[in-house]
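Asks: sequence plus the predicted model coming up.
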Amino acid sequence: MSRGVERDDNPIMKDAWRSYGLISDIVVLESYRGSGIAGQLLNAMEAHLKSNGARRLQLWVLANNRSAIAAYRKAGFSAYESVLEKVLD
């Protein structure tokens with residue numbers, strides 16, 4: 001799922017790179033995994049977001065989802081930022 005084109009207001013970010021596409025979820029049924037569907041979805045979202053002004057893409061993935069991380073790396077994504085979480089009782 002693409003959330004559309006966002007704008008990064010980080011003051012150290014160059015203006016030309018402030019517009020980015022945000023992909024929050026890609027879900028492929030287990031029986032279809034490994035068939036290239038995730039790559040096709042990524043390509044379609046990339047084309048859509050780029051045509052709407054995105055200069056870069058970000059996506060969210062759970063840290064323990066190794067197969068998704070491998071697919072995203074294959075598509076050219078690399079780690080940019082990490083979010084650590086702690087559950088409070």
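Replies: Yep, that arrived.
Asks: for the rest of this, base every contact and every neighbour count on C-alpha atoms.
Replies: Noted.
Asks: parallel or antiparallel, which strands does the strand or helix carrying residue 22 pair with?
Replies: According to DSSP states H and E, residue 22 maps onto strand 19-23. Strand 19-23 pairs in its sheet with strand 2-7 (antiparallel), strand 56-59 (parallel), by DSSP bridges.
Asks: tabulate the CA atom coordinates of the next helix-or-strand element following that strand in PDB.
Replies: Later in the chain than strand 19-23, the nearest helix or strand by DSSP H and E is helix 37-51. The C-alpha trace of helix 37-51 is given here as PDB (Å, rounded to 0.1, in the frame of the first residue of the first chain):
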ATOM      1  CA  ILE A  37       4.500 -10.500  -7.200                       C
ATOM      2  CA  ALA A  38       6.200  -8.300  -4.500                       C
ATOM      3  CA  GLY A  39       8.700  -7.100  -7.100                       C
ATOM      4  CA  GLN A  40       5.900  -6.300  -9.600                       C
ATOM      5  CA  LEU A  41       4.000  -4.400  -6.900                       C
ATOM      6  CA  LEU A  42       7.100  -2.500  -5.900                       C
ATOM      7  CA  ASN A  43       7.800  -1.500  -9.500                       C
ATOM      8  CA  ALA A  44       4.200  -0.300 -10.000                       C
ATOM      9  CA  MET A  45       4.300   1.700  -6.800                       C
ATOM     10  CA  GLU A  46       7.700   3.200  -7.700                       C
ATOM     11  CA  ALA A  47       6.400   4.300 -11.100                       C
ATOM     12  CA  HIS A  48       3.200   5.800  -9.600                       C
ATOM     13  CA  LEU A  49       5.100   7.700  -6.900                       C
ATOM     14  CA  LYS A  50       7.800   8.900  -9.200                       C
ATOM     15  CA  SER A  51       5.200  10.200 -11.600                       C
END
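Asks: I am finished for the moment; much appreciated.
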